[in-house]
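> Requesting a structural model of the entry that follows:
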Amino acid sequence: MRIGGISLVQLLGIINFMLILFQLSSGLRWIQVKTGTHRKTGLALAICASLHGLLATVTAH
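The predicted model follows:
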C-alpha cells in the first residue's frame, strides 16, 4: 500500500522513530512534559509499532 508514493509500512516506521525519540528525550528529562503526555505517547508508540509489524508481515512476499 502506498500513500503519496511512500509505502505505508515505511511511513509507520518513520512515525515510530519519531515517537521513540520523543519517548527517549522525555524519559531522560531532556525535555519537560507531563507524565500523562509521556504515557499517552508510549501507548501511541505501542499501537503504531504493532500496526507497523503486522502490515510488514502481511505485505511481505
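> does residue 2 really touch residue 8, like I thought?
Yes. Proximity of residue 2 to residue 8 meets the contact threshold set by CB atoms under 8 Å, at 6.9 Å. In this view, the C-beta of every residue, glycine as well, is placed from N, C-alpha and C.
> And these two? Which one has more around it.
Remark: of residue 2 and residue 8, residue 8 carries more neighbours, 15 against 10, as counted by other CB atoms under 10 Å.
> if I pick the more buried one, what's in contact with it?
1-2, 55 (CB atoms under 8 Å, 6 or more residues apart in numbering).
> Just give the nearest non-adjacent residue to residue 11, would you?
By the measure of CB to CB, 6 or more residues apart in numbering, the closest residue to residue 11 outside its immediate chain neighbours is residue 3, 6.4 Å from it.
> Would you mind giving the contacts of residue 8 as TSV with pLDDT added?
Below are these laid out as TSV (pLDDT from 0 to 100):
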residue	pLDDT
1	71
2	77
55	93
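> Run the chain-centre distance for the longest helix seen in the chain.
When the chain is parsed with DSSP state H, its longest helix is helix 35-59. Relative to the chain's own centre, helix 35-59 is displaced by 5 Å; criterion: CA atoms, centre = their mean, to the nearest Å.
> Give me the residues contacting it.
Counting by CB under 8 Å, 6+ apart, 1, 8-9, 12-13, 15-16, 19-20, 22-23, 26-27 sit against helix 35-59.
> So which of those sit within helices?
8-9, 12-13, 15-16, 19-20, 22-23, 26-27.
> Point me to the residue sitting closest to the centre of the protein.
Among the residues of the chain, residue 16 comes closest to the average C-alpha position under CA atoms, centre = their mean, at 2.3 Å.
> And it, how far from residue 61?
22 Å (CB to CB, to the nearest Å).
> go on, residue 35?
In terms of CB to CB, residue 35 sits 43 Å off from residue 61.
> In contact with residue 26, which residues are there?
Counted by CB under 8 Å, 6+ apart, residue 26 has contacts 32-33, 37-38, 41.
> among these, which ones are buried?
residue 41 (16 or more other CB atoms under 10 Å).
> Redo the contacts of residue 26 as CSV? Include distance to residue 51.
CSV is the format used below for the contacts of residue 26 (distance: CB to CB, whole Å):
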residue, distance to residue 51
32, 29
33, 24
37, 21
38, 21
41, 16
